[in-house]
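J.: Sequence below, structure please.
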Amino acid sequence: MNPYEIERLAKQHTSDIRKAAAQQHARTARRDHARTIRHRTGWALVQIGLSLISVPADGRGKGPALRPGLPSVR
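T.: Numbers count the residues shown, from 1 in each chain. A predicted model of the protein is given here:
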């Protein structure tokens with residue numbers, strides 16, 4: 001093979017590999033970003049749930065209650 005042809009093929013191959021790596025990096029970054037949003041949303045929902053069960057049903061602020069019908073636990 002001609003040395004110039006080998007060099008051209010090598011540059012093309014390197015370019016293809018870099019392009020594939022950049023695409024993979026972009027996919028990974030999007031996936032990680034989505035995972036982070038899901039993670040934060042999940043913990044926000046956990047905090048909301050915990051705050052709902054820690055407030056008494058009558059809303060008078062007598063302390064946390066596990067269930068609305070139960071007296072405050074102290």
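J.: what mean pLDDT does the host helix or strand of residue 51 have?
T.: Using DSSP states H and E, residue 51 maps to helix 3-54. Helix 3-54 carries an average pLDDT of 87.
J.: for it, the distance to its chain's centre please.
T.: In terms of Cα atoms, centre = their mean, to the nearest Å, the centre of helix 3-54 is found 11 Å from the chain centre.
J.: just stretch 40-56 next, same as before
T.: Relative to the centre of its chain, stretch 40-56 is centred 18 Å away, using Cα atoms, centre = their mean.
J.: In PDB, could you pull the C-alpha coordinates for it?
T.: Backbone C-alpha positions of stretch 40-56 (Å, rounded to 0.1, in the frame of the first residue of the first chain) are rendered in PDB as follows:
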ATOM      1  CA  ARG A  40     -33.100  14.400  43.800                       C
ATOM      2  CA  THR A  41     -36.800  14.000  43.100                       C
ATOM      3  CA  GLY A  42     -37.000  10.700  44.900                       C
ATOM      4  CA  TRP A  43     -35.400  12.200  48.100                       C
ATOM      5  CA  ALA A  44     -37.700  15.200  47.800                       C
ATOM      6  CA  LEU A  45     -40.700  12.900  47.800                       C
ATOM      7  CA  VAL A  46     -39.300  11.000  50.800                       C
ATOM      8  CA  GLN A  47     -38.900  14.300  52.700                       C
ATOM      9  CA  ILE A  48     -42.500  15.300  51.800                       C
ATOM     10  CA  GLY A  49     -43.700  11.900  53.000                       C
ATOM     11  CA  LEU A  50     -41.900  12.200  56.200                       C
ATOM     12  CA  SER A  51     -43.200  15.700  56.900                       C
ATOM     13  CA  LEU A  52     -46.700  14.500  56.200                       C
ATOM     14  CA  ILE A  53     -46.500  11.700  58.700                       C
ATOM     15  CA  SER A  54     -44.800  13.800  61.300                       C
ATOM     16  CA  VAL A  55     -47.600  16.500  61.400                       C
ATOM     17  CA  PRO A  56     -50.700  15.600  63.500                       C
END
